[in-house]
Structure formats: structure tokens, C-alpha cells
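1. A predicted structure for the sequence below; I have some questions about it.
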Amino acid sequence: MSGNQQPNAPNLLGLDREAMQTYLASLDEKPFRATQVMKWIHQQGFDDFDAMSNLSKPLRARLKESAAIQAPEVLQGQRGADGTRKWLLRLYDGNCIETVFIPEEDRGTLCVSSQVGCTLNCTFCSTAQQGFNRNLSSAEIIGQLWVANRELGREHAGRRIVTNVVMMGMGEPLLNFDSVVPAMKIMLDDNAYGLSKRRVTLSTAGVVPAIDRLRDNCPVSLAVSLHAPNNALRDQLVPLNRKYPLEELLAACRRYVADEPRRRITMEYVMLDGINDSLDHARELIACLKRVPAKINLIPFNPFPGTPYRKSSQARIDRFREALLNAGLVAVTRKTRGDDIDAACGQLAGRVQDRTNRSTRLRRAAVTSA
Ligand code: SAH
């Protein structure tokens with residue numbers, strides 16, 4: 001079934017085990033049916049009830065009548081020179097989101113979106129310029145993994161090649177908690193994708209109360225978009241910092257890993273030339289992270305049209321990283337992937353029917369200042 005109509009029947013694609021059992025119980029079916037249906041959908045990649053041969057014919061007929069399995073529709077697929085793939089997916093309401101697959105030697109990572117656009121207004125991110133339309137449903141979130149497996153499976157003789165998922169596409173996943181968590185539970189479910197919680201990473205700009213809820217509900221790996229070592233600068237780059245300042249964010253990070261001594265939080269730090277990349281900033285960052293089990297991921301800034309920022313030079317990135325390493329921190333520089341098809345961090349745009357008018361305001365501002 002294509003993604004261009006809203007399912008009025010429950011979309012089974014987005015039901016985690018508990019919800020699937022509850023739904024099937026409403027049809028007087030036993031819990032083990034949930035395992036069967038989830039395997040057909042997520043392991044076999046089926047969206048056709050007729051093909052589910054271990055379900056009785058009457059049950060198949062009832063499912064066809066009362067439920068749907070509906071994934072987003074692939075509108076366009078692109079392939080970068082380094083093998084990175086990007087799909088533009090159309091949702092039932094005409095909005096489009098982007099999903100990116102990044103192949104590496106020892107793994108394949110899918111970068112999944114959680115919202116159509118984003119309500120946060122991080123000044124260095126191109127998704128922010130698109131404005132915001134709505135949250136994705138859990139079916140639309142897991143649907144990105146379902147579609148990627150189907151598209152890639154065709155080329156790889158059905159082999160599963162997505163080994164890792166990062167919730168780092170469009171949107172702020174912790175502002176769509178109630179859809180993101182069921183979708184991640186399906187990723188972790190042995191009867192669905194069976195990924196370990198180390199291989200599923202949620203990246204947040206720092207929604208502090210939701211970090212605690214995540215720890216209690218679905219403690220996947222956590223990445224935090226830090227980007228600045230003090231409140232004054234972070235207030236500018238990540239305006240959410242005005243609501244949840246650094247001290248509170250870092251305390252939430254400590255709580256997140258408190259029960260598991262070997263776990264670390266990934267701190268993302270975009271390298272913006274002359275803005276946050278000096279040795280003084282490195283020293284401040286070292287002080288911030290003294291009591292937080294962390295590894296730092298330096299991300300060379302990926303430019304997009306209209307941005308005032310520039311990428312730090314390799315020499316500045318190396319110097320910054322050295323300072324962190326010398327202080328005993330773990331720091332790596334993220335390799336830029338897929339930038340030739342605008343698939344790199346912060347470049348995902350999709351096609352957002354902006355409800356916030358932010359995109360129009362930004363366009364007007366650009367025209368007036370030109
Ligand atoms: N809202 C979430 C997840 C989406 S962004 C978050 O803020 O973490 C995924 C990562 O890409 C974040 O660390 C984000 O800050 C970073 N990013 C955004 N724009 C970027 C750009 N232009 N260049 C490099 N990284 C960028």
C-alpha cells in the first residue's frame with residue numbers, strides 16, 4: 001500500500017509488541033500472534049496480509065478489513081559518490097522527509113527523521129530553516145527503516161545491511177517521545193529488527209526532562225548536541241539552552257549513565273570557524289566534561305545555502321581535538337559523508353509545509369538584507 005492516504009484503520013507497522021498484543025487481543029487473538037505478525041512485517045518486509053501463511057484465512061480476512069500496513073512512499077532516491085544513500089519519502093499528507101543510509105566497512109547506519117521539520121531553531125542547521133509541520137507517527141518513523149531494508153535488500157540479495165540506527169535526521173526526537181519510543185522498541189525487538197541498544201542512538205538538543213524519561217523507558221545510546229562550552233554561546237547556537245541550561249543538561253547526562261559505569265554519552269560538537277573552535281573553548285569544554293562519562297564527536301560544519309557560518313579548517317579541528325585528547329578525553333572527528341547529495345549532518349531538508357512561517361520569514365529577511 002502506498003503512503004499517500006492516511007490509514008483510518010490502525011497501521012500495524014508502528015505497533016510495538018505490547019500495542020500489537022493489545023490490538024490482536026481486541027480481535028480475540030492470543031499474544032503469540034503478535035510475534036507472527038511482527039516477523040512478517042519487519043523481518044520478511046511484507047505489507048500484504050494475504051501472504052502471511054501461518055495465520056488462518058479468517059484472521060487474514062479480518063486483518064485486511066480492520067487494519068493496514070502502510071509505509072511512506074519513496075519519491076526519490078539518490079546515491080552519493082561515497083555510497084551514501086538518501087531517500088525522499090512522501091507521507092500521506094504530502095509532506096516529505098529525508099532518510100539517509102551511510103555504509104561503512106563494518107556497519108551500515110541509517111539516519112532516521114522524527115519530525116516534519118523542527119521546532120527548535122538551531123542557527124547552524126538547515127532543517128531549522130524549513131520550519132515545522134508536525135510530529136511523525138511511530139509507523140512513519142519505523143517505516144523509514146522498513147523502506148530502507150526493502151530498497152537495500154533488493155540490491156543485496158535480501159541481506160539485511162542496516163546494522164545501526166541513529167535518530168539524527170530531521171526533527172528533535174525527544175519532542176516526539178510518544179512516537180519515537182515505540183518505534184525504537186520495534187528496532188530493539190528480537191522478532192522485528194533485533195538491534196542491540198548500543199546500536200540505536202538517539203540524538204537530542206537537550207530536552208532535559210525527556211532524557212530522564214528515556215532512561216526509564218528505553219535506554220538506548222544517547223548523543224547530545226552540545227556545540228558550545230558555556231551558556232552564553234549555547235544560548236545563541238542552540239536556543240533550547242535558554243530553557244534547559246548546560247548545568248541541568250550535564251546533570252541529566254550523568255543520571256542517564258549512572259547505573260552503567262561503562263556507558264558514555266556522545267557529545268556532538270559542530271566545528272564553526274571562529275565561533276566555538278578556539279583553544280579557550282576547548283579548555284572550557286574540558287572543564288564542563290570533567291564529571292560526565294563522555295566521548296566527543298567533532299562534526300565539521302556542513303554548509304547550506306544562506307548560512308553565515310563556515311567550517312573550521314582541518315588545522316583548527318585537529319588542534320581542538322589534540323587539546324581534548326591531552327586532557328584525557330575521548331574525541332573523534334566525524335567523517336563527512338554524503339555531502340555531494342546534501343545528505344550530511346544538518347543538511348536534510350525534505351519538503352515541509354511550514355506551519356510556523358519561519359521559512360517565509362527567513363526568506364524575506366534574506367531578500368531585505370541582500
Ligand atoms: N535534534 C536532534 C537530532 C538532529 S541533528 C539534535 O539536535 O541532536 C543531528 C546532528 O547534526 C546534531 O548534532 C546537529 O546539531 C548536527 N548538525 C545540525 N546542523 C549541522 C550542520 N550544518 N553541520 C554539521 N552538523 C550539524
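-> Noted; the coordinates are in hand.

2. where along the stretch 251-370 of the chain do the helices fall?
-> Ranges of helices within the stretch 251-370 of the chain are 279-288, 314-326, 358-369, based on DSSP state H, counting those that start in this stretch.

3. can you list those helices in TSV and add mean neighbour count?
-> No exception for glycine: its C-beta is placed from N, CA and C like everyone else's. TSV is the format used below for the helices of the stretch 251-370 of the chain (neighbours: other CB atoms under 10 Å):
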stretch	mean neighbour count
helix 279-288	17
helix 314-326	15
helix 358-369	12
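
4. And Arg199, how far from the ligand?
-> Counting by CB to the nearest ligand atom, to the nearest Å, the gap from Arg199 to the ligand is 17 Å.

5. That residue reaches Met184, doesn't it?
-> No. Judged on CB atoms under 8 Å, Arg199 makes no contact with Met184 at a distance of 11.0 Å.

6. Can I get stretch 232-250 in PDB, CA atoms only?
-> Listed next in PDB are the C-alpha coordinates belonging to stretch 232-250 (Å, rounded to 0.1, in the frame of the first residue of the first chain):
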ATOM      1  CA  ALA A 232      26.200  32.500  26.600                       C
ATOM      2  CA  LEU A 233      27.300  30.800  23.400                       C
ATOM      3  CA  ARG A 234      25.000  27.900  23.600                       C
ATOM      4  CA  ASP A 235      22.000  30.200  24.100                       C
ATOM      5  CA  GLN A 236      22.800  31.600  20.700                       C
ATOM      6  CA  LEU A 237      23.600  28.400  18.800                       C
ATOM      7  CA  VAL A 238      21.000  26.100  20.400                       C
ATOM      8  CA  PRO A 239      18.200  28.400  21.700                       C
ATOM      9  CA  LEU A 240      16.700  25.400  23.700                       C
ATOM     10  CA  ASN A 241      19.600  26.100  26.100                       C
ATOM     11  CA  ARG A 242      17.700  29.100  27.500                       C
ATOM     12  CA  LYS A 243      15.100  26.600  28.800                       C
ATOM     13  CA  TYR A 244      17.500  23.800  29.800                       C
ATOM     14  CA  PRO A 245      20.900  25.400  30.500                       C
ATOM     15  CA  LEU A 246      24.200  23.500  30.400                       C
ATOM     16  CA  GLU A 247      24.400  22.600  34.100                       C
ATOM     17  CA  GLU A 248      21.000  20.900  34.000                       C
ATOM     18  CA  LEU A 249      21.800  19.200  30.800                       C
ATOM     19  CA  LEU A 250      25.100  17.800  32.000                       C
END
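
7. Now for the nearest residue to Val270 once chain neighbours are set aside: which residues touch it?
-> Here the nearest residue to Val270 in space, its sequence neighbours aside, is Ile299; by CB to CB, 6 or more residues apart in numbering that works out to 4.7 Å. Ile299 is in contact with Glu268, Tyr269, Val270, Met271, Thr333, Arg334, Cys345, counting by CB atoms under 8 Å, 6 or more residues apart in numbering.

8. is it true that the fourth one touches Phe301?
-> Yes. Using CB under 8 Å, Met271 is in contact with Phe301, at 5.9 Å.

9. joint contacts of those two?
-> Lys311, Ser312.

10. who's more crowded, Arg199 and Met184?
-> Shown here are Arg199 and Met184; by other CB atoms under 10 Å, Met184 has more neighbours (27 against 19).

11. does that one count as helix, strand or coil?
-> When classified by DSSP: H, G, I helix; E, B strand; the rest coil, Met184 comes out as helix.

12. Quick one: residues contacting it.
-> Contacts of Met184 (CB under 8 Å, 6+ apart): Val165, Met167, Val200, Leu202, Cys218, Val220.

13. again, but for Cys118
-> Contacts of Cys118 (CB under 8 Å, 6+ apart): Cys125, Thr127, Ala128, Gln130, Phe132, Met170, Gly171, Glu172.

14. what separates the first one from Pro229, distance-wise?
-> Meaning Cys125. Note on Cys125: its distance to Pro229, by CB to CB, to the nearest Å, is 19 Å.

15. which one of the two has more residues nearby?
-> Cys125 (25 against 20).

16. And the more buried one, how far from Val270?
-> If you go by CB to CB, the gap between Cys125 and Val270 works out to 9 Å.

17. Leu27: neighbour count?
-> The tally of other residues near Leu27 (other CB under 10 Å) stands at 12.

18. One more: the one 3 residues further on?
-> Per other CB under 10 Å, the neighbour tally for Lys30 reads 9.
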